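Novice: Test case, fold it:
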Amino acid sequence: MNWNGWSLDRIIILAMGLLFLVIFVQVTLFHYRQNFRHWSMWIPVLATPIFGICLVVFTYYNVDWLHSLLNILLIVGILAGLFGSFMHIKGVGKRVDGYKLRNFMIGPPLTLPALISAVSLLGLIALYWE
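Specialist: Next comes the predicted model:
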């Protein structure tokens with residue numbers, strides 16, 4: 001693969017696609033461990049591989065329809081991450097003794113849904129990088 005001449009936005013888009021695929025593995029393991037107790041646990045499990053594959057494909061095939069699709073998907077990713085953060089905070093509160101430090105340590109990870117929002121935002125920035 002010839003990396004000479006690759007623009008920064010193209011490299012970031014490829015990195016974001018690969019990062020979404022790694023996030024997919026992690027959220028799948030965490031939500032499987034919890035037996036998918038709530039329907040919303042399926043959102044990142046289904047969405048992150050789609051985001052990742054589309055971003056990686058877009059790195060090699062820069063076509064308008066895929067750019068438009070990624071624009072929509074990444075906005076959905078930001079919103080889904082925010083919703084996930086809300087659900088994780090709510091999940092910590094449902095544990096015995098509520099919002100104690102111990103529950104933040106062993107309960108739903110607060111940073112993982114925020115990571116999905118952050119990666120989606122960075123992907124959007126890369127899409128519109130001039």
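Novice: Can you find the helix or strand in the protein with the smallest mean pLDDT?
Specialist: Among the helices and strands of the chain, helix 101-106 carries the lowest confidence by mean pLDDT, DSSP states H and E, at a mean of 90.
Novice: so what does that one touch, helix or strand wise?
Specialist: helix 64-94 (3 or more Cβ pairs under 8 Å, 6 or more residues apart in numbering; DSSP states H and E). For the C-beta atoms, the positions are set from N, CA and C on the backbone; glycine is no exception.
Novice: Which positions within the helix it packs on qualify as buried?
Specialist: Under the neighbour-count criterion of 16 or more other Cβ atoms under 10 Å, helix 64-94 has 70, 73-74, 77-78, 80-81, 83-85, 87-88, 91-92 buried.
Novice: Ok, stretch 91-106 next?
Specialist: Under the neighbour-count criterion of 16+ other Cβ under 10 Å, stretch 91-106 has 91, 92, 103 buried.
Novice: what's the answer for stretch 8-18, then?
Specialist: Neighbour-count burial for stretch 8-18 [16+ other Cβ under 10 Å]: 10, 12, 13, 14, 15, 16, 17.
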